[in-house]
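Engineer: sequence and predicted structure below; questions after.
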Amino acid sequence: MIQSFKTLAQVLRGPAWSLALLLCWAACCLPSAARAGDSEDLLGARGYWHDRTGQATIAQAQAQTQTLTPFEGIFSRGFSDGAHWLKLTLAASTTPVALRLSPSWVDEITVFDPAQAGKRLTAGDHHPQGVTAIHGLGYHFILPAGSTPRDLWIQLRSTNSHRLHIQALPADQLPSADTLALVWTALYAAVLLLMLLALASVYWVQPEAVLGVYLVRHLNYMFYGVGYLGLTGLLVPQDLLPYGWLDKVFSLSVVLTLPLGLWFEVRLLSTYQPHRLWLLALKALAWGSLLMVVLMLAGYARWALQITVNTMMLAVLVFFGAAWSCKPDPTVERLMPKKVLLGYYTLVLGSLLIGLLTVVGIKQPEAWSNYLLVLHGLVTGLFMTVILFVRGQRQFRFSEQMRWQLHKTQQEMALEQRRRDEQSQFLHMLMHELKTPLSIVSLALGTQNNREENLEHASRAVKAMKAIIDRCVQADQMGQLSLTLETQPVDLPSLIGQIAQGNPSLHGRMRLKLDPDCQALRTDAQLLQIVLTNLMDNAAHYSDPHTPILVDAVARREQHTVGVRLRIANTPGLAGWPDAAQLFGKYYRASGAQRESGSGLGLYLSRQLAQSLGGTLDYRPDEHHVAFELWIPLNTP
């Protein structure tokens, strides 16, 4: 996972630089676009009349000239019934005039120009784009030149907000002005796309519910943003959807902005433990916002849009109150501090509230506020994208730390459990193996007859107990100490003879075959003696007492090293054949070997010591013999 995040950082480095360049380019283009549009405006006095029935003719509208309400800049009257008639004074011009109308999501715009008597110029998202001069962002009409000022009339109908940005400029300046507007819109869409790719990459590396919800919200907002600026009219082929359907899809994206936004904010704020009343208010708004979706699908588009916008203004205030009431625990605060969250909601509260006030007509929109809603979404989206990206990285580091601590705890618990199991197994073995010798000692000491014979039995029992304790001590030291080898020349025949002499069970039974090349053996004599003693004692105890014990020593090269291979073999006795899979495990004793005293540690200890000598110890039986093969280098380093 750490490598995945490093790879992700490398992948996102390119888009991050691209995003920075795009924003710089946009900053350079926007002033130029503003100068191209505003400095050449040929419109003068402006006024409007509200036709509540929506049935008035141009003659009836012209009859209302004395009662017109003046307005400046962008026309915005919120959600209204009927239609609005706008009267605009067009300055004299020696060249044709280009009339630019936006946004593109109004239903119908009809232009009445006295220079084109009897001709109605109609556009809107319920009409084909071909009726306008240029298929671009918004709607464009080319009006003839006029030597004197004249009055234009525009009829506006829309289920959405009655809002219209009108510009009139020389026709020869229209291509450059439209190109700049298209460049800005393309940059805006590219930034949104880069944000989507960055968030999707983070979500792919580490899926998280909050981030997943934000991705869905961002996808919906992308469609809303490019639709608000008119880019969908250029990208979607005219024959793909019937006229009016694109407007319905755009209006649905507007309505969905509220429940998706509330869904995300509830998810995010819930982790910061806001006051329960604020959280209940957010959840109530989230459930209530679904009503607008139902109204939209039922055909009540204007009501759905109007309620959505008003609910949004209420929602931003609730967001801010909920954010102030948060009391996050330290783990959440570490991922994203509360003050950062408050900064985000302050940005949301300021920009979104101003933009919504212009939509409903409470505040007169300015040229810069015409794009405030989409710029608000872009800026807050960038802010939240950075927050979620950093939060995701911190969450990942925290998760890795917790995973490491959990793994460490599990290892410690497993080690402790192994220790307890081994301790229990050791005590069980010790009680079992010492029980018989102790009984013999107790019986011998309590019996008056055959005193010498009883003392002999007791002496052998004490030796057996001492051997068991010695093996346990040696096994414990193997796990705690780092052995220091003391190499010296070893007389192998003499060492084997000494071991055989110390074990009465080996007298007369051992058959030794020794390769002369084994005489030059140099190793740690004490450790080798322990290994051979264990192997030869096992052969004596668990073999048929009437059969010989074979000990062969030959020179053999293994692992590119010359060494000595000793093979100790015996025919199976009453103990039977051992289990090869458990033979070298701690405390293992074959079921048939239980009648003999022992610790079950001899072979385990012998293998460990053989490895310390640089060699190996393996179980290599043949058809008739239980056999162990010990290989050690001729010169132990």
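Structural biologist: Received it, and whenever you're ready, just let me know what you need.

Engineer: can you give me the buried ones in stretch 69-80?
Structural biologist: Neighbour counts over stretch 69-80 (16 or more other Cβ atoms under 10 Å) mark Ile74, Phe75, Ser76, Arg77, Gly78, Phe79, Ser80 as buried. Placement of C-beta: from N, CA and C, glycine included.

Engineer: make that stretch 178-197, sorry
Structural biologist: For stretch 178-197, by 16+ other Cβ under 10 Å, it's 178, 180-189, 191-192, 194-196.

Engineer: kindly report the same for stretch 495-514.
Structural biologist: For stretch 495-514, burial by neighbour count (16+ other Cβ under 10 Å) applies to Leu495, Ile496, Ile499, Ala500, Asn503, Leu506, Arg509, Met510, Leu514.

Engineer: what about those, which are in strands?
Structural biologist: In strands, judged by DSSP state E, the following of the buried residues of stretch 495-514 are found: Met510, Leu514.

Engineer: among the buried residues of stretch 495-514, which two are most distant?
Structural biologist: Greatest spacing in the buried residues of stretch 495-514, by Cβ to Cβ: Asn503 and Leu514 (18.9 Å).

Engineer: returning to that earlier point: which among the buried residues of stretch 178-197 gets closest to Ile58?
Structural biologist: Asp178 (28.4 Å).

Engineer: quick check: the closest one touching His140?
Structural biologist: Yes. Taking contacts as Cβ atoms under 8 Å, Asp178 lies within contact range of His140: 7.5 Å.

Engineer: may I ask which helix or strand of the chain has the lowest mean pLDDT?
Structural biologist: Every helix and strand of the chain was ranked by mean pLDDT, DSSP states H and E. The lowest is helix 2-38, at a mean of 44.

Engineer: tell me which stretches of the stretch 51-200 of the chain form helices.
Structural biologist: When assigned using DSSP state H, counting those that start in this stretch, the helices of the stretch 51-200 of the chain occupy the ranges 58-62, 174-205.

Engineer: what packs against the longest one?
Structural biologist: Right, the one you point to is helix 174-205. Helix 174-205 sits against helix 2-38, strand 97-102, helix 209-228, helix 231-235, helix 372-446, with contacts defined as 3 or more Cβ pairs under 8 Å, 6 or more residues apart in numbering; DSSP states H and E.

Engineer: now do it, average pLDDT.
Structural biologist: For helix 174-205, the mean pLDDT works out to 83.

Engineer: return the distance of that helix from the chain's centre.
Structural biologist: 25 Å (Cα atoms, centre = their mean, to the nearest Å).

Engineer: over to the shortest one?
Structural biologist: Relative to the centre of its chain, helix 58-62 is centred 63 Å away, using Cα atoms, centre = their mean.

Engineer: okay, it in CSV with CA atoms only?
Structural biologist: Provided in CSV are the C-alpha atoms of helix 58-62 (Å, rounded to 0.1, in the frame of the first residue of the first chain):
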residue,chain,number,x,y,z
ILE,A,58,-45.5,42.7,-29.0
ALA,A,59,-48.1,45.5,-29.5
GLN,A,60,-49.4,45.0,-26.0
ALA,A,61,-45.8,45.1,-24.6
GLN,A,62,-45.0,48.3,-26.5
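
Engineer: what residues of that helix count as buried?
Structural biologist: Result for helix 58-62 [16+ other Cβ under 10 Å]: buried residues Ala61.

Engineer: hmm, Leu521 is touching Thr487, no?
Structural biologist: No. With contact defined as Cβ under 8 Å, Leu521 does not count as touching Thr487 (9.9 Å).

Engineer: neighbour count for these two, which is higher?
Structural biologist: Neighbour count, other Cβ atoms under 10 Å: between Leu521 and Thr487, Leu521 has more, with 24 against 14.

Engineer: against Val226, how distant is that one?
Structural biologist: Computed as Cβ to Cβ, to the nearest Å, the Leu521 to Val226 distance reads 86 Å.

Engineer: any idea how far Asn220 is from Cys326?
Structural biologist: In this view, Asn220 and Cys326 are 26 Å apart by Cβ to Cβ.

Engineer: quick one: pLDDT of Gly602?
Structural biologist: 72.

Engineer: ugh, typo on my part, it should be Gly343
Structural biologist: According to the prediction, Gly343 has pLDDT 79.

Engineer: that's a strand at it, yeah?
Structural biologist: No. Counting by DSSP: H, G, I helix; E, B strand; the rest coil, Gly343 is not found in a strand; it is helix.

Engineer: and it, how many neighbours does it have?
Structural biologist: By the criterion of other Cβ under 10 Å, Gly343 has 14 neighbours.
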